[in-house]
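**Student:** model this:
(chains A and B)
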Amino acid sequence: NAGVTQTPKFQVLKTGQSMTLQCAQDMNHNSMYWYRQDPGMGLRLIYYSASEGTTDKGEVPNGYNVSRLNKREFSLRLESAAPSQTSVYFCASSEIWTRKRHNEQFFGPGTRLTVL
Amino acid sequence: SQQGEEDPQALSIQEGENATMNCSYKTSINNLQWYRQNSGRGLVHLILIRSNEREKHSGRLRVTLDTSKKSSSLLITASRAADTASYFCATVEGNFNKFYFGSGTKLNVKP
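**Tutor:** Take a look at the predicted model:
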């Protein structure tokens, strides 16, 4: 099993360009997440999808859109990239929490994005 | 924001010593989780403690939770050079699928 995969690993964009970050998981998890991590900081939640067919805003959704394509895939789109979006982007997945099941998150390796 | 705060921001110890890092948060939680991040990599889950639990152990890890003080601590005993990494706490609110991560403690274990 590959776990959580992300593409691309690195990307350089010019201000105003658009791009889509791809994420896929093979653990049959219901929930998926997109985070950004700025240097020396923790993760901030951009968007999440609690289950297939639903998406919700996190702490820092402005400038981003998401699509939960199916249970496996959750993409993040930057419509018009800005230098403030230079960051490392992590995708994660987890099961839905229940009283009998932990909802630990499994992370992908990250996408390092630079916006010039 | 619910985001937790870890303390200290950085910690440097000798191999064999214990490392303690703390996490404080702001609102009611469902559970609290600790993650580890090696430089340039994704986060890896270490341990989860539910809001009705006070202490939990996993190998060399010991986690405590004090909901009255809204704080948690992670103790790594008999540290090894391979424990060098950043450690993050994450709180999960009543909306069970929304995670908030702290800013992390950077641990350096010197051989």
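**Student:** roughly how far does the closest residue to B:Ala19 other than its chain neighbours sit from A:Met19?
**Tutor:** Leaving aside its sequence neighbours, B:Ala19 sits nearest to B:Ile76 (Cβ to Cβ, 6 or more residues apart in numbering or on different chains; 4.5 Å). For every residue, glycine as well, the C-beta is placed using N, CA and C. Going from B:Ile76 to A:Met19 by Cβ to Cβ, to the nearest Å gives 39 Å.
**Student:** got it, and A:Ser93?
**Tutor:** For A:Ser93, the distance to A:Met19 (Cβ to Cβ) stands at 21 Å.
**Student:** these two: who's more crowded?
**Tutor:** Counting neighbours by other Cβ atoms under 10 Å in any protein chain shown for A:Ser93 and for A:Met19 shows that A:Ser93 has the greater number, 25 against 15.
**Student:** wait, the more buried one sits on A:Gln25?
**Tutor:** Yes - contact status for A:Ser93 versus A:Gln25: in contact at 4.1 Å, counting by Cβ atoms under 8 Å.
**Student:** what sits in contact with each of these two?
**Tutor:** Contact criterion Cβ atoms under 8 Å, 6 or more residues apart in numbering or on different chains; residues shared by A:Ser93 and A:Gln25: A:4, A:32, A:106.
**Student:** low-confidence ranges in chain B?
**Tutor:** Across chain B, the ranges flagged by pLDDT under 70 are B:1-3, B:94-97.
**Student:** sorry, that was for chain A
**Tutor:** A:97-102.
**Student:** residue closest to the middle of it?
**Tutor:** A:Trp34 (2.4 Å; Cα atoms, centre = their mean).
**Student:** for the nearest residue to A:Ser80 once chain neighbours are set aside, give its distance to A:Ala81.
**Tutor:** Among residues not flanking A:Ser80 along the chain, A:Gly16 sits closest, at 5.3 Å (Cβ to Cβ, 6+ apart). According to Cβ to Cβ, A:Gly16 stands 7 Å off from A:Ala81.
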